[in-house]
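J.: mind folding the following:
(2 chains)
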Amino acid sequence: MRPLFAKPISAKQATLLVLLLLIAVAPAFFPSNFYYRVGTLIFINGLAVTGLVVLIGYAGQISLGHAGFAGLGAYACALGPVHLGLPPALSLVLGAVLSGLLAWLVGRPILRLKGHYLAIATLGFGVLVSMVLANEAWLTGGPDGMAVADLGLRGLLKSAGIKVGNAELWYWLAGLILLAGAWLALNLKDSPSGRALRSLHDSEVAARTVGVDVARYKLSAFVISAVYASVSGSLLALTNRFVTPDIANFLHSIELVTMTVLGGAGTVIGAATGALLLTALPQVLTALQEYEHIVFGLIMMLVMIFLPDGLLPSLHRLLRRRVS
Amino acid sequence: MTLLSVEGLGIDFGGVTAVDGVGFTAEPGRIVSVIGPNGAGKTTLFNMISGVYLPHRGRVRLDGEDVTGLAPNRLAERGLSRTFQNLQVFLRMSVLDNVMAGRHLAERGSTLADLLGLPSTRRRSRETERAARALLERVGLERAAEREASALSYGALKRLEIARALAARPRLLLLDEPAAGCNPVETEEIDALIAAIAAEGVAVLLVEHDMKLVMKISHHVVVLDHGEKIAEGAPEAVARDPKVVEAYLGAHAGREGSHALG
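T.: Take a look at the predicted model:
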């Protein structure tokens, strides 16, 4: 007997479908325009976190310095139009290329390190970037930050006869870019490169014996995740129209890693859930604002102790046990 | 025609000589077994040949080319594949993905193409899946293909490692105790599998404790004791060698004696 569907829906298609539906349907429930802004921030964080899924979830390498790449992307968008006369969109691309190159240079020596040593080395990299951004005031405006040019998309749409509010436009734009980022990461997972990354995560020695050039694949995961973080930082700067060195802050790196492991680092949908929860909570519960970092730390500890695989995989296992 | 030749191989760990002056050769289509009491240096020898350890002395040649100290992935490119005594399975991946990962050298391509999901990438993945399913069938794991590897029994994981090693289409296959922890039926199956692999022209190097298995399928046996080669030759000849008998029984008798004294 032939099955009803020629092919069952793959995990990749299911993830993209769920993301698409959530992005498309959520605005129907927004009580005010403010929620477009919250949604935009969720998607922007979700993009950086999707990059970390490739690094942490697939390849099993840690980084506590990816906010450094977000800072690079953000300042590329701030400086590109002022100093090089580049349009903001092109500055975003330039920032991504620079971040990728820097990740390649930095990653070559530090990815030889493992575990805690790698965590400390990446942390050092992030701190370095944020210090440069804060101290080189002649270029970056120092701790006071600097203004960022308008992306110009809204004006473009207006001249084409499409009128859309700024908050709404950013919601759809960031949602679309997140979908594209998720699509790329999902393509990678079940591809030859994805298998190589996941295999070195589980056993480096076995990965080597089947021919995987472990150093090369770790480096490509590092570069890919750096580009994601850079684009995420660029988008944040462009939507805020302002940037301060805080974007490259150590705490921002920790937030991104917490989001990644909370939902479950191994899957894009899990990481997106982490970004959703940890971005939305402080926005909605403004009372928490002062204790935000304490809450983040607490969540990270609880997840590590009770749900080491992350929220979604643990829930999934629980449900499966209930059913059977 | 010699595929692998090992000459005077040796390594020390913290001043203690683990393996010293070991040499032998392996030819396509033949099974060479390395036997010896516990701690004789069999796995250490395997680790040096497969590039996991860097030997301190001696040479390893593949097709006459000196490959001593090459990284395992470079050796894999030259047709060397192996399994591990203490299992190195990709436990978070599915059984099918484990074997597919074994075909890395044949399916690898540009990571950018893989990110974009280009048709070439999808074609390579399809070919790999077809080859991997055929190998799973060969080791009797086809029905476990979609399960997570960590859910398999020990004996099944041993066979999964063999399937993964075969996915690389090796010319030289190193099997480190493939039958350890397997029941007699499973051992029988692995025995037939190894013989079939060799019959296809693969040079097989085997470390095994199960003497019955070794004597039955080996063409050539190398005996190690305290890191040195004490005998080699046809299985029947080696089994009668007084030095070999002493290494096995003597060690045993020695232990008995120390028990009695203690």
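J.: quick check: residues of the stretch 51-200 of chain B near chain A?
T.: B:51-52, B:71-73, B:75-77, B:81-82, B:84, B:88-93, B:97, B:100-105, B:107-109, B:111, B:114-117, B:121, B:124-125, B:128, B:164-165, B:167-168 (Cβ under 8 Å from any Cβ of the partner chain). To be clear about C-beta, it is placed using only N, CA and C from the backbone, and glycine gets the same treatment.
J.: now the buried members of the residues you listed.
T.: Among these, those classed as buried by 16 or more other Cβ atoms under 10 Å in any protein chain shown are B:51-52, B:72-73, B:75-76, B:81-82, B:84, B:88-90, B:92-93, B:97, B:100-105, B:107-108, B:111, B:114-117, B:121, B:124-125, B:128, B:164-165, B:167-168.
J.: next step: those restricted to helices.
T.: By the criterion of DSSP state H, membership of those in helices covers B:72-73, B:75-76, B:97, B:100-101, B:104-105, B:107, B:111, B:114-116, B:121, B:124-125, B:128, B:164-165, B:167.
J.: can you give me the helices in the stretch 1-150 of chain A?
T.: For the stretch 1-150 of chain A, applying DSSP state H, counting those that start in this stretch gives helices covering A:11-25, A:34-52, A:66-79, A:88-110, A:115-135, A:137-140.
J.: any weak-confidence spans in the chain?
T.: All of this refers to chain A. A:1-7, A:284-285, A:288, A:322-324 (pLDDT under 70).
J.: to clarify, I was referring to chain B.
T.: B:249-262.
J.: go again using 90 as the cut-off
T.: For chain B, the stretches flagged by pLDDT under 90 are B:1, B:14-16, B:36-40, B:69, B:85-86, B:153-155, B:179-190, B:208-216, B:231, B:236-262.
J.: all helices of it, in order?
T.: B:42-49, B:72-77, B:95-101, B:104-107, B:111-116, B:119-138, B:154-167, B:184-199, B:211-217, B:235-240, B:242-245, B:251-261.
J.: make CSV out of those and add distance to residue B:32.
T.: Listed next are those as CSV, based on distance: least, Cβ to Cβ, whole Å:
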stretch, distance to residue B:32
helix B:42-49, 11
helix B:72-77, 17
helix B:95-101, 25
helix B:104-107, 24
helix B:111-116, 38
helix B:119-138, 22
helix B:154-167, 16
helix B:184-199, 10
helix B:211-217, 10
helix B:235-240, 11
helix B:242-245, 16
helix B:251-261, 23
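J.: out of the ones you listed, which is closest to residue B:223?
T.: Closest approach to residue B:223 among these is made by helix B:242-245 (5.1 Å; Cβ to Cβ).
J.: in that closest one, which residues are buried?
T.: Buried-residue list, helix B:242-245, by 16+ other Cβ under 10 Å: residue B:244.
J.: which strands and helices lie in contact with that helix?
T.: If contacts are counted by 3 or more Cβ pairs under 8 Å, 6 or more residues apart in numbering or on different chains; DSSP states H and E, helix B:242-245 sits against strand B:228-233.
J.: got the angle for the strand it packs on vs helix B:42-49?
T.: Interaxial angle, strand B:228-233 versus helix B:42-49 (axes from the mean of the first three to the mean of the last three Cα atoms, to 10 degrees): 90 degrees.
J.: can you list the domain ranges for chain B.
T.: Using automatic domain parsing, the domains assigned to chain B come out as B:1-79+B:170-262, B:89-163.
J.: residue contacts, residue A:238?
T.: A:77, A:88, A:92, A:148, A:151 (Cβ atoms under 8 Å, 6 or more residues apart in numbering or on different chains).
J.: tally of neighbours for the second one?
T.: Residues near residue A:88, counting by other Cβ atoms under 10 Å in any protein chain shown, number 20.
J.: from chain B, how far out is it?
T.: 25 Å (Cβ to the nearest Cβ, to the nearest Å).
J.: wait, isn't residue A:23 in contact with residue A:182?
T.: No - using Cβ atoms under 8 Å, residue A:23 is not in contact with residue A:182, being 10.5 Å away.
J.: which one's more surrounded, those two?
T.: Per other Cβ under 10 Å, whichever of residue A:23 and residue A:182 has more neighbours is residue A:182, with 24 against 19.
J.: any idea which residue sits dead centre in chain B?
T.: Nearest to the mean C-alpha position of chain B, by Cα atoms, centre = their mean, lies residue B:175 at 2.0 Å.
J.: pretty sure that one is touching residue B:85, no?
T.: No - using Cβ under 8 Å, residue B:175 makes no contact with residue B:85, being 9.6 Å away.
J.: what is in contact with those two at once?
T.: Common neighbours of residue B:175 and residue B:85 (Cβ under 8 Å, 6+ apart) are residue B:207.
J.: run through the residues that contact residue B:241.
T.: Going by Cβ under 8 Å, 6+ apart, residue B:241 touches B:223, B:231, B:233.
J.: pull up the residues of chain A that are close to chain B.
T.: A:183-185, A:187-188, A:190-196, A:198-199, A:201-203, A:205-214, A:217, A:220, A:224, A:266.
J.: could you pick out which of these are located in helices?
T.: A:183-185, A:187-188, A:192-196, A:198-199, A:201-202, A:205-209, A:214, A:217, A:220, A:224.
J.: wait, residue B:85 touches residue B:177, no?
T.: Yes - counting by Cβ under 8 Å, residue B:85 touches residue B:177, with 4.8 Å between them.
J.: overlap of the contact sets of the two?
T.: In contact with both residue B:85 and residue B:177: residue B:207, using Cβ under 8 Å, 6+ apart.
J.: which one's more surrounded, those two?
T.: Shown here are residue B:85 and residue B:177; by other Cβ under 10 Å, residue B:177 has more neighbours (20 against 16).
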